[in-house]
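Novice: This is a predicted model, with the sequence first.
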Amino acid sequence: MYLQHLYPVPENIQIKEGCFVFGSELVMETDACLELAEQERIQTLFYQFTCTGATLKLLPQGSVSNEVRAVLHVGMEGALEQAKNLDSGGGYQLRVQPGGIGIAAKDSKALIEAFTTLVQLIVPENLSEGQEKFWIDCVEIQDKAAMAFRCIHLCVFPETKPLDLQKAIRLAGFLKFTHVILEFWGTFPYKALPELAWKGKAYSLDTIGELVTEIRSFGMEPVPMLNHLGHGAQCRISRGRHVVLDQAPRYATLFEPDGWTWCISNPDTHKLLGELRSELLDTFGPGGYFHLGFDEAYSFATCPKCVRHAKEEGRFLAEYINGLAAELKKDHRRSIIWHDEFLASKDWPEKIVASGGRTHQTADGIGYLDRDIIIADWQYYDGFPEGEPTAEYFMKKGFDVLLCPWIGLENVKDLCNTTKRLGAMGVIMTTWQALPSSLPMIPDMAMMMWDSVIRKEVSKLPNTETGALLRKLITGTRSFEDVGWIQPEVYPFEAHD
Ligand SMILES: [Zn+2]
């Protein structure tokens, strides 16, 4: 390998005698059905990881078998036969021999994961034009992920730079994440209610489409998100803005009196949210999930209509969520919700109960909730070395659970450990308003999610290694402002609220 380690570290790696040598071109034959964006990504990664000294001629054969194969060589007819005796083992197997490279993978996504391991093995020996020479140690790698759902949640604020989103997506994709959630904060150009975007601050559908393609090019799935309860303002509460009501006050009855929370008694709200979901689905394309939000709904059910349900808030809320989940099931999508509303203050230490459990009586709604809904249990408190208790609570209630850390690597480590111990569905890494300074943590997150190790200490890449990886993922010549990442001292960190 070229850097100190492979990232994330494979489950099993054996270095053998000898090496595979190649020059300015390599051929890759595969029977995987790769999308055009995936093919281009594979070729771009190869070009970047050979320091722009070599190109990859990709020959997809397009069979539809479950397991997929690939062979890389310098020109050998019928080479795909060479990979026949490899076994994906439910992930991928990668074998480098002096005559060529073979890959077996459980599917196209695992093939891309094998490829992102492979390019890290490339060592440049001569980068002079016309004399290009590279080698790869002979090696046998058997690898698969400890958890199926490895996700990052990215916010698109009016201040968010598309390049930072691109960097996050490329780091996550290269380091074998499976899903990317995009949440728009007054930045999606909805046709059903244009005032849901700030004037002059909306991302264009073309730009959003490019981000979706970026996500898909790594075999990841883009997951649309729209908060269906709190955060109706589509702004952080600490800033007091409201994307709709600051621009169009006559939409007030779509919301509770303070505007923060959607009014779920109003049929117009249901109709509008349905139209917004449709627009997101059209933009994001096929997929199996939709994130419905449900965090930080400080003012739930306070209007004259909603307040009638004061004695049965939990059931009122659960029936609303079940209705949304039923709509999404028609599109073969599972709903994800933040857990906030379903933990009561009286049952848990204050530090692990979110706003819903502190201000409303909705926790008993869990009994009415459709078990197909996925609970995203965010806990940002560093204090669960022995296991995060609320995840186990939701799992015992019969839900699939995603554990969701933020900002600190101790927090990431503890929640990844808990996910592995419980056999939970997976992890959503959150970044919120700290995306620029979160970028260098994405490789650390990937390391702790990928393997089956229960860690006592966090995995932290040296910044030199993280910088070297990111440099390979940003193509073309870039300016000072465009490269690397911004540290908190020049892009101040702000509290999460
Ligand atoms: Zn209401």
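Specialist: Noted; the coordinates are in hand.
Novice: Quickly note the distance from the closest residue to residue 198 other than its chain neighbours to residue 153.
Specialist: Once flanking residues are discounted, residue 198 sits nearest to residue 186: 4.7 Å by CB to CB, 6 or more residues apart in numbering. In this view, the C-beta of every residue, glycine as well, is placed from N, C-alpha and C. Separation of residue 186 from residue 153 (CB to CB, to the nearest Å): 17 Å.
Novice: Please report the distance of residue 222 from residue 210.
Specialist: Applying CB to CB, one obtains 12 Å for the distance of residue 222 from residue 210.
Novice: between the two, who's got more neighbours?
Specialist: Between residue 222 and residue 210, counted using other CB atoms under 10 Å, residue 222 has the larger neighbour count: 23 against 15.
Novice: which residues sit against the helix or strand that one falls within?
Specialist: Element membership for residue 222, per DSSP states H and E: strand 221-225. Residues from elsewhere that reach strand 221-225 (CB atoms under 8 Å, 6 or more residues apart in numbering): 151, 153, 178-184, 211-212, 215-216, 277, 280-281, 283-285, 287-293, 336.
Novice: Stretch 316-325 too?
Specialist: Contacts of stretch 316-325 (CB under 8 Å, 6+ apart): 228-229, 264, 270, 273, 292, 294, 300-301, 306, 309, 334-335, 337, 341, 362, 365-370, 372-373.
Novice: Just the buried ones from the residues you listed?
Specialist: Buried members of those, counted by 16 or more other CB atoms under 10 Å: 228-229, 264, 270, 273, 292, 294, 300-301, 306, 309, 334-335, 337, 341, 362, 365-366, 369-370, 373.
Novice: Can you tell me what sits against the one helix or strand in the chain whose mean pLDDT sits lowest?
Specialist: Ranked by mean pLDDT, DSSP states H and E, the weakest helix or strand in the chain is helix 355-359, scoring a mean of 79. Helix 355-359 is contacted from outside by 230, 294-298, 300, 340-345, 348, 350, 362-363, using CB under 8 Å, 6+ apart.
Novice: Quick one: buried ones out of those residues?
Specialist: Going by neighbour count (16+ other CB under 10 Å), the contacts of helix 355-359 have 230, 294-298, 300, 340-344, 348, 362-363 buried.
Novice: Next, give me the two most distant ones among these.
Specialist: Taking every pair in those and measuring CB to CB, the maximum separation is 19.6 Å, between 230 and 348.
Novice: Return the alpha-carbon coordinates of the helix or strand containing residue 28 using CSV.
Specialist: Taking DSSP H and E as the criterion, residue 28 maps to strand 25-30. Extracted C-alpha coordinates of strand 25-30, given in CSV (Å, rounded to 0.1, in the frame of the first residue of the first chain):
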residue,chain,number,x,y,z
GLU,A,25,-2.9,1.8,-19.1
LEU,A,26,-4.8,-1.0,-17.4
VAL,A,27,-7.8,-3.0,-18.6
MET,A,28,-10.7,-3.9,-16.3
GLU,A,29,-13.2,-6.5,-17.4
THR,A,30,-16.3,-7.0,-15.3
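Novice: just checking, what packs against whichever helix or strand comes after it?
Specialist: For strand 25-30, the following helix or strand on the C-terminal side (DSSP H and E) is helix 36-49. When contacts are defined as 3 or more CB pairs under 8 Å, 6 or more residues apart in numbering; DSSP states H and E, helix 36-49 sits against strand 55-60, helix 108-120, helix 205-217, helix 463-473.
Novice: Relative to residue 36, which of these is closest?
Specialist: Smallest distance to residue 36 across these (CB to CB): 9.0 Å, for helix 205-217.
Novice: doesn't residue 347 make contact with residue 389?
Specialist: No: counting by CB atoms under 8 Å, residue 389 does not reach residue 347; the two are 10.3 Å apart.
Novice: more neighbours, those two?
Specialist: Using other CB under 10 Å as the criterion, residue 389 and residue 347 rank with residue 389 on top: 14 against 11.
Novice: For the more buried one, give me its contacts.
Specialist: Residue 389 neighbours (CB under 8 Å, 6+ apart): 348, 352.
Novice: Could I get the average pLDDT for stretch 323-334?
Specialist: Summarised as a single mean, pLDDT over stretch 323-334 is 98.
Novice: And that stretch, what's buried?
Specialist: For stretch 323-334, the neighbour count (16+ other CB under 10 Å) marks 324, 325, 327, 328, 333, 334 as buried.
Novice: With stretch 384-403 instead?
Specialist: Residues of stretch 384-403 classed as buried: 384, 388, 390-395, 399-403 (neighbour count, 16+ other CB under 10 Å).
Novice: Which of those residues fall within strands?
Specialist: Among the buried residues of stretch 384-403, the members falling in strands (DSSP state E) are 401, 402, 403.
Novice: I'd like the residues you listed as CSV, with distance to residue 92 appended.
Specialist: Shown next, in CSV, are these (distance: CB to CB, whole Å):
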residue, distance to residue 92
401, 27
402, 24
403, 25
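Novice: check these against the ion, which are close?
Specialist: Filtering those for proximity to the ion by CB under 5 Å from the ion leaves nothing.
Novice: Quick check: the gap between residue 151 and residue 483.
Specialist: Going from residue 151 to residue 483 by CB to CB gives 26 Å.
Novice: more neighbours, these two?
Specialist: The residue with more neighbours, out of residue 151 and residue 483 and counting by other CB under 10 Å, is residue 151; that gives 26 against 14.
Novice: which stretch of helix or strand covers that one?
Specialist: Short version, using DSSP H and E: residue 151 is in strand 149-156.
Novice: what is the orientation angle of that strand with strand 221-225?
Specialist: Orientation check (axes from the mean of the first three to the mean of the last three CA atoms, to 10 degrees): strand 149-156 against strand 221-225 gives 50 degrees.
Novice: Now strand 149-156 - C-alpha only, CSV.
Specialist: The C-alpha coordinates for strand 149-156 follow below in CSV (Å, rounded to 0.1, in the frame of the first residue of the first chain):
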residue,chain,number,x,y,z
PHE,A,149,-26.6,0.8,6.7
ARG,A,150,-23.7,3.3,6.9
CYS,A,151,-25.0,6.7,6.3
ILE,A,152,-24.1,10.4,6.5
HIS,A,153,-26.7,13.2,6.9
LEU,A,154,-25.8,16.4,5.2
CYS,A,155,-27.6,19.8,5.6
VAL,A,156,-28.0,22.2,2.7
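Novice: Okay, now the sheet partners of that strand, with direction.
Specialist: strand 179-184 (parallel), strand 426-430 (parallel) (DSSP bridges).
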